[in-house]
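Q: everything below, folded, please.
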Amino acid sequence: MPDRRRIRLSEDDAMERGVRCPNCGSYTSFTDIVATGRCRGAWRGDCTIRLGLDLIVERATRGQRRADGED
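A: Numbering: from 1, shown residues only. Just a heads-up that it's a prediction; the model follows:
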């Protein structure tokens, strides 16, 4: 089984539209992660780590929808 680690992204990460690879530190956009599953360091031959993004969809409760103006 592959070794996996989850990292919670912050609002700053979303504003920057990417993250630093936890292995080699190279900045990689979310688009590159989705398209290739690798960081930019992999293209230079510096990094062998695989990256992926999970989107979690949760159903909002009725009260949450009202607070967000969706009800």
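Q: show me the strands in the protein, by range?
A: Along the chain, the segments classed as strands by DSSP state E run 18-20, 27-29.
Q: who wins for proximity to residue 12 among the ones you listed?
A: Ranking those by proximity to residue 12 (C-beta to C-beta) places strand 18-20 first, at 9.7 Å. C-beta here means a position set from N, CA and C on the backbone, and glycine is covered the same way.
Q: gap between the closest one and the chain center?
A: Computed by C-alpha atoms, centre = their mean, to the nearest Å, the chain-centroid distance of strand 18-20 equals 8 Å.
Q: poorly predicted segments of the chain, please.
A: For the chain, the stretches flagged by pLDDT under 70 are 1-2, 14-15, 43, 63-71.
Q: show me the contacts for residue 27.
A: Each residue near residue 27 by C-beta atoms under 8 Å, 6 or more residues apart in numbering is listed here: 18-21, 40.
Q: thinking again about what came up before, how about a markdown table for the strands of the chain, with distance to residue 56 added?
A: Conversion of the strands of the chain to a markdown table gives the following (distance: least, C-beta to C-beta, whole Å):
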| stretch | distance to residue 56 |
| --- | --- |
| strand 18-20 | 17 |
| strand 27-29 | 20 |
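Q: so how far is residue 40 from the residue nearest to residue 5 when sequence neighbours are not counted?
A: What sits nearest to residue 5 in space, not counting adjacent residues and going by C-beta to C-beta, 6 or more residues apart in numbering, is residue 22, at 7.2 Å. Note on residue 22: its distance to residue 40, by C-beta to C-beta, to the nearest Å, is 13 Å.
Q: so who does the most centrally placed residue in the chain touch?
A: Nearest to the geometric centre of the chain sits residue 53, at 4.5 Å (C-alpha atoms, centre = their mean). Contact partners of residue 53, counting by C-beta under 8 Å, 6+ apart, are 30, 33-34.
Q: the same query, at a cut-off of 6 Å, please.
A: Residue 53 sits next to residue 33 when contact means C-beta atoms under 6 Å, 6 or more residues apart in numbering.
Q: how about residue 17?
A: 29-30.
Q: re the thing from before, would you format the contacts of residue 27 as a markdown table with neighbour count and distance to residue 46 included?
A: Compiled in a markdown table, the contacts of residue 27 are given as follows (neighbours: other C-beta atoms under 10 Å; distance: C-beta to C-beta, whole Å):
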| residue | neighbour count | distance to residue 46 |
| --- | --- | --- |
| 18 | 18 | 17 |
| 19 | 21 | 16 |
| 20 | 14 | 13 |
| 21 | 20 | 9 |
| 40 | 18 | 9 |
